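**Student:** Give me coordinates for this.
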Amino acid sequence: MNLIEIFLTAVGLSMDAFAVSVTNGLCCANPEKKNALRIGLCFGLFQGLMPLTGFFLGKAFEQYITAVDHYIALILLGYIGGKMIFDAVKESRQGETESYVLTAKLLFLQGIATSIDALAVGVSFAALANIHIFYAAAEIAVITCILSLIGVRFGKQFGTKLGSRAQLTGGLILICLGLKIFIEHMFFS
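**Tutor:** Below is the predicted model:
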């Protein structure tokens, strides 16, 4: 696998993390640079570790991983998005707006949900003779981190325009992302 192929794989894998980063930027009242960095590092770390994990698990477990990865992503993103929508509706009925709080637990769940596909990619890397797994995982991690930082910035810019509807929009985006992953795996892979 050459450098361009690894780069394109990294960009493709990081798109889910980018979308969730935009959502986080949308929903946080004032995402500080510290939070943006936490998001980027968390998503980059998960996207880098998952291919390594998949690579070392090898082909023996490929069918089990790919059989459930889309269900896990759908459940986690659906739960997070549903909770965001529920909270947004509840707040609008009560007439008060609370800032979306990105807890460590929520960030951890998002990191897992957005990197499940990277685990399967790691398993497929194990079948390749010419892959330098540590280089590939590092490149995937760095690109994901950078795109996640950009995503938070985009979300922050749009979040100020959406105002109180940002959390509702973010929840819908996460649910749609979970459905997209599920549909792709069920019908197009």
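
**Student:** Can you pull the poorly scored residue ranges out of this structure?
**Tutor:** 29-31, 59-60, 62-63, 65-66, 95-100, 129, 159-164, 166 (pLDDT under 70).

**Student:** in it, which spans are helices?
**Tutor:** Remark: helices assigned in the chain by DSSP state H are 3-27, 33-57, 62-94, 104-126, 133-162, 166-187.

**Student:** and the ones you listed as TSV, adding mean neighbour count?
**Tutor:** Where you see a C-beta, it was placed from the backbone N, CA and C, and this is true even at glycine. Shown next, in TSV, are these (neighbours: other C-beta atoms under 10 Å):
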stretch	mean neighbour count
helix 3-27	21
helix 33-57	21
helix 62-94	17
helix 104-126	21
helix 133-162	20
helix 166-187	20
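
**Student:** Now residue 45: closest residue in space that isn't a chain neighbour?
**Tutor:** Using C-beta to C-beta, 6 or more residues apart in numbering and skipping the chain neighbours, the partner closest in space to residue 45 is residue 141 (6.4 Å).

**Student:** That neighbour and residue 28, how far apart?
**Tutor:** 23 Å (C-beta to C-beta, to the nearest Å).

**Student:** Equivalent analysis for residue 109, please.
**Tutor:** Between residue 109 and residue 28 the distance is 16 Å, computed by C-beta to C-beta.
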